[in-house]
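Engineer: Generate coordinates for the sequence data below:
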Amino acid sequence: MPGSQPESSPAPGSQPESFESSPAPGSQPESPGRSPAHGSPESSPSAGSPGSPGRSPAPRPDDASARVSLFAPAPGAAPVGRMLLAQTLFEVRLLLRNGEQLLLTAAIPVVLLWLLTAAPVFDTGDYQRVDFLVPGVLALCVMSTAFTSLAIATGYERRYGALKRLAVSPLPRWTLLLAKALTVLVVEAFQVVLVGGLGLALGWRPSGSPLAVAVLLIAGTLAFAGLGLLMAGTLRAEATLAAANLVYLLLLVLGGVVIPLSGFPSGLQTVLELTPTGALADGLRSVLADGAGLPWGSVAVLAAWALAGLAAAARWFRWE
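Structural biologist: Numbers count the residues shown, from 1 in each chain. Take a look at the predicted model:
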């Protein structure tokens, strides 16, 4: 067409079209057999990418392992020993924060020992007054801690729903009960040091085997703890408070703690010797004052109370 540029002729100064253009000055010539489609290594698709030819995608991690890896450490219940230790320490701190419980477990036995040693209120028979009173007050310490304090505190924990929440936690129920018993042993160790120190200051000179004393204290603790947990797990908190204090006062007078059982009628004396307080006080007195060996009769009575109380608590304890 006149005046139009022929399509076949290139424009002046333009590069003629060709399938292989010459490289620009200073540029690296492409190696033979290398297609521009592959490009440089930096521009090549990464290994395992969806678009790379001849390569399969990288395998995806298993869904279960991916979910587990989100938690570090893996979720689950702690070992039973660790849970028991943590719960025991918590129970000890809880008891130390309660001033009323400390008054019951520490102040009352010490004041009672000092007053009854100084004032000859009753006849102690063949024993020196302090030799008779220290074993009885130690039995009172076990009763006040393992029975009265444990029953009242557990009863109100049950009323406020604390036990109900713990019952649905990974903490086994028997571990909670054992932690409470271990807490009682910790407090009793403090009581033994306190009462024993005051007794030594008042002229008490103990005899007998410390191992026999430890066996009696542990057996008495288990006996009273079983009864306290049974009461706390079956009665209302208010009823537990009243009943625990009533039993405390009755056994204080009738359990051979401060009044010799020989002063009671023979028939009643036989019954009182079978109570946990009577068996524990007489057993401790025979070891610490008389220097006797382990009193198996007292141990048998305490073991029977412990088995009966703990079995009944495990059977009928209600968590709410």
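Engineer: alpha carbons only for contacts and neighbour counts from here, please
Structural biologist: Fine.
Engineer: hey, where'd the helices end up in the protein?
Structural biologist: 63-68, 80-96, 99-102, 108-118, 129-143, 150-159, 162-167, 173-201, 210-234, 237-254, 266-273, 276-288, 296-316 (DSSP state H).
Engineer: Can you give me the buried ones in the fourth one?
Structural biologist: Read that as helix 108-118. 108-110, 113-114, 117 (16 or more other Cα atoms under 10 Å).
Engineer: quick one: residue 204 and residue 152, what's the gap?
Structural biologist: As judged by Cα to Cα, to the nearest Å, residue 204 and residue 152 stand 33 Å apart.
Engineer: quick one, which of those two is more surrounded?
Structural biologist: Counted by other Cα atoms under 10 Å, residue 204 and residue 152 do not tie: residue 152 has more neighbours, with 25 against 20.
Engineer: right, and that one touches residue 237 too?
Structural biologist: Yes: Residue 152 lies in contact with residue 237 (Cα atoms under 8 Å); the separation is 7.0 Å.
Engineer: neighbours of residue 163, just the number please.
Structural biologist: Other residues close to residue 163 by other Cα under 10 Å number 20.
Engineer: residue contacts, it?
Structural biologist: 157, 319-320 (Cα atoms under 8 Å, 6 or more residues apart in numbering).
Engineer: Closest to residue 245 out of those?
Structural biologist: Nearest to residue 245 out of the contacts of residue 163 is residue 157 (Cα to Cα; 17.6 Å).
Engineer: what's the closest non-adjacent residue to that closest one?
Structural biologist: Nearest non-adjacent residue to residue 157, counting by Cα to Cα, 6 or more residues apart in numbering: residue 163, 6.0 Å away.
Engineer: Kindly provide the distance from that neighbour to residue 317.
Structural biologist: Taking Cα to Cα, one finds residue 163 at 11 Å from residue 317.
Engineer: what's the pLDDT at the residue nearest to residue 157?
Structural biologist: pLDDT for residue 163: 83.
Engineer: Kindly report the same for residue 192.
Structural biologist: pLDDT, residue 192: 94.
Engineer: List the contacts of it.
Structural biologist: The neighbours of residue 192, taking Cα under 8 Å, 6+ apart as the test, are residue 138.
Engineer: how near is it to residue 273?
Structural biologist: For residue 192, the distance to residue 273 - Cα to Cα - is 23 Å.
Engineer: likewise residue 83?
Structural biologist: 39 Å.
Engineer: more neighbours, those two?
Structural biologist: Per other Cα under 10 Å, whichever of residue 83 and residue 273 has more neighbours is residue 273, with 20 against 17.
Engineer: can you count the residues close to the residue lying closest to the more buried one once chain neighbours are set aside?
Structural biologist: Sequence neighbours aside, residue 279 is the residue nearest to residue 273 in space, at 5.5 Å (criterion: Cα to Cα, 6+ apart). Around residue 279 there are 25 other residues, counting by other Cα under 10 Å.
Engineer: and residue 279, what does it touch?
Structural biologist: 273, 298-299, 301-302.
Engineer: Which pair of the residues you listed spans the longest distance?
Structural biologist: Taking Cα to Cα, no two of the contacts of residue 279 sit farther apart than 273 and 299, at 12.0 Å.
Engineer: leaving aside the residues next to it on the chain, what's closest to residue 196?
Structural biologist: That would be residue 134: by Cα to Cα, 6+ apart, it lies 7.4 Å from residue 196.
Engineer: burial count for that neighbour?
Structural biologist: Residues near residue 134, counting by other Cα under 10 Å: 31.
Engineer: Let's check: the centremost residue of this structure is which one?
Structural biologist: Nearest residue to the geometric centre of the chain (Cα atoms, centre = their mean): residue 87, 1.6 Å.
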